[in-house]
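Chemist: Give me coordinates for this.
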Amino acid sequence: MPNASKTCRRICRWRTSLSVALWVTLLAGWSAPGLTQANFYEDKTIKLLIGFSAGGISDLWGRALARAMSQQIPGRPQIVLQNMPGAGSLTAANFLYSVAKPDGLTLGFFTPGLFFNQLIGSKEVQFDWAKFAWIGSPEQTQRIIYIRADTPFKTIDDVRAAVEAPRCGATALGTVGHYFPRLVEEALGVKFNLVLGYPGAAEIDLAMEKNEVQCRAGSLEGYFGSEPSKSWAKSGFTRVLISGGAKRDKRIPEVATLHEWMNKRKVSEATRRLATVLLAPDHIGRPLATTPGVPPERLKLLREAFNKALLEPDLNAEARKRGWEIEPVTGEELEAIGRKVMTQPADVIERMKKILAN
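Modeler: Numbering: from 1, shown residues only. Presented below is the predicted three-dimensional model:
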C-alpha cells in the first residue's frame with residue numbers, strides 16, 4: 001500500500017495546485033482592464049458640457065444622448081448637463097481639453113468647425129483638434145442660410161445685386177453662422193453684413209424676430225428640427241437662400257446648392273478646394289468628445305455606449321418626433337477625419353485666414 005499512499009498524496013497535491021491555479025486565473029480575469037473600467041463608472045457622475053445655449057438643436061441632441069447613454073454605460077452613471085456657451089462653443093472645447101481631468105468623467109459637445117480656428121492660428125485656441133478622444137456624432141449635417149421672407153432677397157442673385165447687404169447674426173468666428181456666409185461670399189461674389197457676438201442660437205432667433213438681423217446660417221436639420229425655425233418654415237416667416245449639400249434636399253427642392261452656383265459661375269479649382277475644407281464640418285456633424293489621455297478601455301466603453309444609445313427606442317422616437325435623421329459617425333471615423341482636416345496645404349490655410357479673419 002505504500003505506492004498507493006504516494007499516489008494519493010500526488011493526486012491531492014495536483015488537485016490543490018489546480019485549485020490554486022484556477023483561483024489565480026479567475027482573479028486575474030476579474031481584475032482585467034475591461035472589467036475594471038466597467039466597475040469604474042458605478043456610482044459615478046459624468047458631466048456633459050454643451051457648448052451652446054439651451055433650446056437649440058445641439059442642446060436638444062445633447063440631452064437626448066445623455067438620457068440614452070447613461071443606460072448603456074456599465075454601472076449606469078448619471079450624466080448631468082452643463083451649458084457652457086461662449087465664443088461659438090470654443091469655451092467648452094478649451095475647458096474639455098485644457099482643464100478637465102482625463103478620466104472619462106467629462107464629455108463635450110461643440111461645433112464641428114472649431115478646427116478652423118486652430119488651422120488659422122487663432123490665439124484663443126487651447127486645444128489640438130486631432131488629439132481629442134472622439135466618441136461619436138449622431139448625425140451628419142447640411143449647411144444653409146435662411147432669411148426673413150419679407151426681405152427682397154429670394155435668391156443669391158438678389159443678394160449680389162443688393163445696394164445694402166442683408167444682416168446675418170452669428171455667435172463667433174469659426175461657427176457655421178460665420179464661416180458658411182464667408183464661404184458663399186468668397187465663392188459667389190456676394191456680400192453679407194455679419195453681426196457677431198450673440199451668445200447663442202436663441203438670441204439670434206430673437207434678433208431675427210425683432211428684425212435686428214434678417215438672416216443667419218445654420219444646419220438644415222436644425223432648421224426643420226427645432227423651434228422657432230421649424231414653425232417659421234411652416235408659416236413662411238423665413239425661406240432658405242442656399243444650401244451646402246452635395247445635392248438638393250427633398251425638403252427644399254427649389255433651393256440651389258453652393259455646388260450648383262459654383263458650377264454656374266465656373267469658379268476656380270482653388271476655390272473648390274477651399275469649399276471642400278470649409279464644408280468638412282458637415283461630415284463631422286455634432287461631435288461628442290472626451291479629454292485626451294483617457295484610458296483606452298474607458299474610451300472604448302464610451303464609444304460602445306454611444307453606438308448602443310443610437311439604437312434606443314426612446315431616442316429614435318424622439319428623433320422621429322423632432323424630424324431628426326440619425327446618420328451616425330463613429331468615434332474611430334471622427335478620429336480619422338480629425339487627423340485629415342488638420343493637414344491642409346499652405347495656400348488653402350492662407351485663403352482661410354483671409355476670409356475668416358472677421
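Chemist: Count the residues that sit near the closest residue in space to residue 201 that isn't next to it in sequence.
Modeler: Sequence neighbours aside, residue 56 is the residue nearest to residue 201 in space, at 3.8 Å (criterion: Cβ to Cβ, 6 or more residues apart in numbering). The way it works is simple: take the backbone N, C-alpha and C, and place the C-beta from them, glycine included. Counted with other Cβ atoms under 10 Å, the burial measure for residue 56 works out to 23 neighbours.
Chemist: Give me the pLDDT for residue 56.
Modeler: The model reports residue 56 with a pLDDT of 86.
Chemist: Test my guess that it contacts residue 204.
Modeler: No: here residue 56 does not reach residue 204: they are 9.5 Å apart, not a contact under Cβ atoms under 8 Å.
Chemist: Low-confidence stretches in the stretch 1-150 of the chain?
Modeler: Applying pLDDT under 70 to the stretch 1-150 of the chain flags the ranges 1-38.
Chemist: residue boundaries of the helices in the stretch 101-250 of the chain?
Modeler: 115-119, 156-161, 176-188, 201-209, 220-225, 229-235 (DSSP state H, counting those that start in this stretch).
Chemist: can you tell me which of these comes nearest to residue 85?
Modeler: The closest approach between residue 85 and any of the helices of the stretch 101-250 of the chain, judged by Cβ to Cβ, belongs to helix 201-209 at 9.2 Å.
Chemist: So for the closest one, mean pLDDT?
Modeler: Rounded to a whole number, the mean pLDDT of helix 201-209 is 94.
Chemist: Tell me what angle that helix forms with helix 176-188.
Modeler: Using axes from the mean of the first three to the mean of the last three Cα atoms, to 10 degrees, the interaxial angle of helix 201-209 with respect to helix 176-188 works out to 60 degrees.
Chemist: before we move on, back to that, show me the contacts for the residue nearest to residue 201.
Modeler: 200, 201, 202, 222, 226 (Cβ atoms under 8 Å, 6 or more residues apart in numbering).
Chemist: and what of residue 241?
Modeler: Listed by Cβ under 8 Å, 6+ apart, the contact set of residue 241 reads 144, 145, 146, 147, 153, 155, 156, 159, 215, 255.
Chemist: which of these are buried?
Modeler: 144, 145, 146, 147, 153, 156, 159, 215, 255 (16 or more other Cβ atoms under 10 Å).
Chemist: beta partners of the third one?
Modeler: When you say that, I think you mean residue 146. Beta bridges link residue 146 to residue 216, residue 240 when assigned by DSSP bridges.
Chemist: thought it was touching residue 219?
Modeler: No: the pair residue 146 and residue 219 fails to qualify as a contact (Cβ under 8 Å) at a distance of 10.6 Å.
Chemist: out of the contacts of residue 241, who's nearest residue 270?
Modeler: Looking at the contacts of residue 241 and their distance to residue 270, the nearest is residue 156, at 20.5 Å (Cβ to Cβ).
Chemist: Quickly note the distance from the closest one to residue 168.
Modeler: To residue 168, residue 156 is 13 Å away according to Cβ to Cβ, to the nearest Å.
Chemist: swap in residue 311?
Modeler: Separation of residue 311 from residue 168 (Cβ to Cβ) stands at 38 Å.
Chemist: Looking at the two, which is more packed in?
Modeler: Applying other Cβ under 10 Å to residue 311 and residue 168 shows that residue 168 carries more neighbours, namely 24 against 12.
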